[in-house]
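K.L.:
sequence and computational prediction follow.
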Amino acid sequence: METIISKNYKSGYVSIIGLPNTGKSTLLNALLDIKLSIISVRPQTTRKRVLGILSGQDHQIIFIDTPGIIKPKYKMQEKLMKYVGDAAQDADILIFMVDVTAKIHPVFMNLNELNPAKKPVICLLNKIDLIAKGNILTLIGQYEKKYGFETIIPISAFKNDGLEEVKNELVKRLPFAYPYYPPDLITDQPERFFVSEIIREKIFEYYKEEIPYSTEVVIEEFKERNRGKDYIYAIIYVERTSQKGILIGKQGSALKTISSAARRDIETFLGRKVFLEVRVKVLEKWRKNELKLKRFGY
């Protein structure tokens with residue numbers, strides 16, 4: 001039976017922007033009640049556009065998670081900042097995330113540059129569970145003076161606090177439009193994208209320093225099987241031979257740890273058993289080379 005869409009239906013794009021580690025990916029996952037964006041305590045974890053679709057009876061909110069705003073130092077970071085700019089331009093509404101525990105608060109020049117069309121911006125003061133309640137009103141007052149936000153909402157994305165108000169404020173400001181996607185769809189990305197992201201998340205969990213930032217994960221094969229486990233063959237690319245040795249570890253022990261942890265999360269995400277094979281290869285200076293970045297979809 002065909003779904004009847006009311007003329008009062010609202011639909012639009014909402015881009016989530018902010019400095020690194022403000023909780024943008026945690027917010028997206030909490031709003032959708034499913035883990036789409038990978039999460040790490042390390043900054044600049046999100047690299048590529050992650051789109052999440054939240055459909056209600058009279059609305060569809062299409063969220064775009066973006067990398068944290070930084071001053072780029074090399075070619076890949078330039079690409080990431082272009083993603084942020086494009087996401088801001090494509091959006092009907094912007095969510096500007098703030099980490100209330102941060103010692104340095106955002107420079108609003110970035111927001112002015114990203115939003116020359118003066119689209120509605122909702123400011124979310126995230127991680128309020130980590131500060132004294134008496135400080136929240138002070139912060140709201142400070143941010144009211146900084147920029148012409150539509151509204152400022154204190155939240156805790158991690159504890160799902162204040163998110164219903166966020167949804168209501170977004171729906172209130174969405175344009176009247178028919179849904180862009182089928183109501184049962186939660187993302188436009190294929191499964192292999194999320195599989196590669198899960199593997200990359202494990203690298204961020206198990207390694208420090210520069211290793212996670214020097215890696216890229218490519219799914220070379222993804223075979224669904226009617227009988228037995230699905231087969232996934234992934235390659236982790238690094239920039240130096242020394243990094244390859246660290247990732248693999250003594251007698252392959254480190255790589256086995258990453259692969260096992262990733263396989264468990266992949267099976268949870270896909271809802272079925274998989275056989276995951278992971279290899280490590282060197283591709284020198286890929287983060288600074290235009291052609292190599294294109295190869296990886298940047």
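P.N.:
Received, thanks. Residues are numbered from 1 along each chain as shown.
K.L.:
my guess is residue 94 contacts residue 117. True?
P.N.:
No. Counting by Cβ atoms under 8 Å, residue 94 sits too far from residue 117 to count as a contact (10.2 Å). All C-beta atoms are positioned from the backbone trio N, CA, C, and that covers glycine.
K.L.:
could you check which of those two is surrounded by more residues?
P.N.:
A count of neighbours by other Cβ atoms under 10 Å puts residue 94 above the other of residue 94 and residue 117, at 24 against 8.
K.L.:
does the more buried one sit in a helix, a strand or a coil?
P.N.:
Residue 94 carries the three-state label strand when classified by DSSP: H, G, I helix; E, B strand; the rest coil.
K.L.:
separation between the spatially closest residue to it that is not a sequence neighbour and residue 146?
P.N.:
Excluding its sequence neighbours, the residue lying closest to residue 94 (Cβ to Cβ, 6 or more residues apart in numbering) is residue 121, at 4.5 Å. Taking Cβ to Cβ, to the nearest Å as the measure, residue 121 falls 11 Å from residue 146.
K.L.:
in contact with residue 120, which residues?
P.N.:
Counting by Cβ atoms under 8 Å, 6 or more residues apart in numbering, residue 120 makes contact with 92-94, 150, 173.
K.L.:
what's the mean pLDDT across stretch 30-42?
P.N.:
When pLDDT is averaged along stretch 30-42, the result is 80.
K.L.:
actually stretch 171-191, sorry about that
P.N.:
Averaged across stretch 171-191, pLDDT comes to 93.
K.L.:
number of nearby residues for residue 298?
P.N.:
The tally of other residues near residue 298 (other Cβ under 10 Å) stands at 19.
K.L.:
where exactly do the helices run in the stretch 101-250 of the chain?
P.N.:
Using DSSP state H, counting those that start in this stretch, the helices of the stretch 101-250 of the chain run over 109-114, 134-146, 163-173, 191-206, 241-248.
K.L.:
mind giving me a markdown table with these and columns for distance to residue 31 and mean neighbour count?
P.N.:
As requested, the helices of the stretch 101-250 of the chain are exported to a markdown table (distance: least, Cβ to Cβ, whole Å; neighbours: other Cβ atoms under 10 Å):
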| stretch | distance to residue 31 | mean neighbour count |
| --- | --- | --- |
| helix 109-114 | 21 | 15 |
| helix 134-146 | 21 | 13 |
| helix 163-173 | 6 | 16 |
| helix 191-206 | 17 | 21 |
| helix 241-248 | 33 | 16 |
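K.L.:
wait, which of the ones you listed is closest to residue 272?
P.N.:
Closest to residue 272 of these, according to Cβ to Cβ: helix 191-206, at 10.5 Å.
K.L.:
mind exporting the closest one as PDB, just the C-alpha atoms?
P.N.:
Coordinates of the C-alpha atoms in helix 191-206 are reproduced here as PDB (Å, rounded to 0.1, in the frame of the first residue of the first chain):
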ATOM      1  CA  GLU A 191      27.800  -1.900   4.300                       C
ATOM      2  CA  ARG A 192      31.400  -2.100   3.200                       C
ATOM      3  CA  PHE A 193      31.900   1.600   4.200                       C
ATOM      4  CA  PHE A 194      30.900   0.900   7.800                       C
ATOM      5  CA  VAL A 195      33.000  -2.300   7.900                       C
ATOM      6  CA  SER A 196      36.000  -0.200   6.900                       C
ATOM      7  CA  GLU A 197      35.100   2.400   9.500                       C
ATOM      8  CA  ILE A 198      34.800  -0.200  12.300                       C
ATOM      9  CA  ILE A 199      38.300  -1.500  11.500                       C
ATOM     10  CA  ARG A 200      39.700   2.000  11.500                       C
ATOM     11  CA  GLU A 201      38.000   2.600  14.900                       C
ATOM     12  CA  LYS A 202      39.800  -0.300  16.400                       C
ATOM     13  CA  ILE A 203      43.100   1.100  15.200                       C
ATOM     14  CA  PHE A 204      42.300   4.300  17.000                       C
ATOM     15  CA  GLU A 205      41.500   2.300  20.100                       C
ATOM     16  CA  TYR A 206      44.600   0.100  20.200                       C
END
